[in-house]
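Enquirer: When you get a sec, could you give me coordinates for this:
(one chain, ligands or ions: 1)
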Amino acid sequence: MSRIILHVDMDSFYASVEQRRAPSLKGLPVVVGSDPKSGKGRGVVSTCSYEAREFGIHSGMPISLAYKLCPDAVYLRVNMQLYKEVSRRVMEILRSKAIRFQQVSVDEAFLDISEEVVDYKGAVNVAQEIKVQIKEQEGLTCSIGIAPTRSAAKIASDLDKPDGLTVVEPDRVAGFLEPLEVRRLQGIGRKNEEILQGLGIRTIGQLARFDRDKLVDVFGKWGTGMYLLAQGVDDSEVEERGVTRSVSREHTFDVDIGDSIVLYGALDNIAGLVHKSLQNKGFSFRTVSVKVRQADFTTFTRARTLDHDTRDPDTIRQVSGELASEFFNGRKIRLLGIRLSNLGKNKLRQTTLEDFIKE
Ligand SMILES: [Mg+2]
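Expert: Numbering: from 1, shown residues only. Predicted structure coming up:
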């Protein structure tokens with residue numbers, strides 16, 4: 001029996017929360033991220049408002065470039081504590097709609113409502129209810145995709161932002177995916193996209209019709225994974241509540257530390273500990289986050305999501321070092337932490353592949 005899965009994604013979440021908090025920011029280009037330092041800043045844009053997007057600014061872009069594109073935008077530091085508070089209330093609303101619920105990030109969640117509704121018409125009603133409730137309670141909009149698989153629902157939620165609702169009924173999945181660019185598939189980053197283009201593959205439809213064995217030659221097991229995703233085949237489940245969503249370790253120093261050599265050493269130790277706990281639980285990960293609390297208690301987090309699942313301890317060390325480096329500038333630090341999330345085990349790529357290895 002085909003499932004009914006919702007993917008709910010808040011629209012330009014950080015920027016919208018800021019605009020909600022300070023109504024004077026409504027209608028203005030708002031960029032949330034690191035300090036642009038009049039164009040000399042070295043960080044990146046976390047989120048920006050739709051007004052800022054009109055200047056060509058987007059998340060992940062160097063903040064210095066954003067500043068070049070729109071120096072007059074309102075630049076705000078990331079206020080994670082505030083976003084988490086709002087997120088908690090939004091997730092509460094979502095959680096109340098489905099037994100099978102999975103939060104995937106601060107502003108994103110999957111709901112499998114196959115047991116709650118009988119058909120897609122019922123699902124649309126639930127989606128509209130969610131939108132109204134979030135709008136009334138938090139003054140925020142979200143975009144929702146409804147589809148029989150997680151990956152199609154996620155792609156659908158992204159197609160009609162902001163305040164979108166895109167429904168892909170089971171018999172329309174292949175046709176829906178067909179014209180879209182391959183990069184819309186989960187796990188296909190810039191690198192894979194380039195390789196696929198070299199094979200003459202631009203759309204998901206072209207990928208679905210390509211020779212599977214050739215894909216395996218080029219990408220190994222992941223070739224089968226992407227081939228299946230392109231067919232619209234994805235039986236990964238929306239995990240039940242209470243499932244481990246991340247593993248983390250942090251360390252508070254006895255005295256505040258400013259020496260970067262000591263800090264990198266400490267980070268390496270934490271990486272070792274967090275890797276051990278990942279191993280114990282049998283997970284792989286995709287996202288590495290670091291938390292840095294300065295002597296004055298200002299706390300920063302930085303995260304990076306890889307384009308593949310891994311269990312590699314050196315990757316944890318390297319990525320966390322890179323993420324933390326902007327804070328290792330002589331400023332005194334009181335706490336460091338590393339979190340691994342986007343954990344795999346029963347995640348898409350692995351389940352799909354394991355099924356195939358047995359074949
Ligand atoms: Mg979002």
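Enquirer: any weak-confidence spans in the stretch 251-359 of the chain?
Expert: For the stretch 251-359 of the chain, the stretches with pLDDT under 70 are 345-359.
Enquirer: beta partners of the single nearest residue of it relative to the ion?
Expert: Residue nearest to the ion within the stretch 251-359 of the chain: residue 305 (13.5 Å; Cβ to the ion). Quick note: C-beta positions are derived from backbone N, CA and C, even for glycine. Counting by DSSP bridges, residue 305 forms beta bridges with residue 287.
Enquirer: Show the contacting residues for it.
Expert: 286, 287, 342 (Cβ atoms under 8 Å, 6 or more residues apart in numbering).
Enquirer: And those residues, which is closest to residue 59?
Expert: Ranked by distance to residue 59 (Cβ to Cβ), the contacts of residue 305 are led by residue 287 at 14.9 Å.
Enquirer: The ion contacts on the chain?
Expert: By the rule Cβ under 5 Å from the ion, the part of the chain lying against the ion is 9, 10, 13, 107.
Enquirer: ok, which pair from these is furthest apart?
Expert: Farthest-apart pair in the residues of the chain next to the ion is 9 and 13; separation 8.4 Å (Cβ to Cβ).
Enquirer: Overlap in contacts, the two.
Expert: Contact criterion Cβ under 8 Å, 6+ apart; residues shared by residue 9 and residue 13: residue 107.
Enquirer: what's stretch 28-40 in contact with?
Expert: 14-15, 18-19, 41-49, 51-52, 54-55, 57, 63-64, 66-68, 70-78, 326.
Enquirer: same check, this time on stretch 41-51
Expert: In contact with stretch 41-51 (Cβ under 8 Å, 6+ apart) are residues 11-16, 19, 25, 27-35, 57-64, 66-67, 73, 78, 162, 326.
Enquirer: go again using 6 Å as the cut-off
Expert: Contacting residues not belonging to stretch 41-51 are listed as 12, 14-15, 28-35, 57, 59-64, 66, 78 [Cβ atoms under 6 Å, 6 or more residues apart in numbering].
Enquirer: what residues are up against the closest residue to the ion within the stretch 51-200 of the chain?
Expert: Here the stretch 51-200 of the chain gets closest to the ion at one residue, residue 107, 4.4 Å apart by Cβ to the ion. Counting by Cβ under 6 Å, 6+ apart, residue 107 makes contact with 10, 13.
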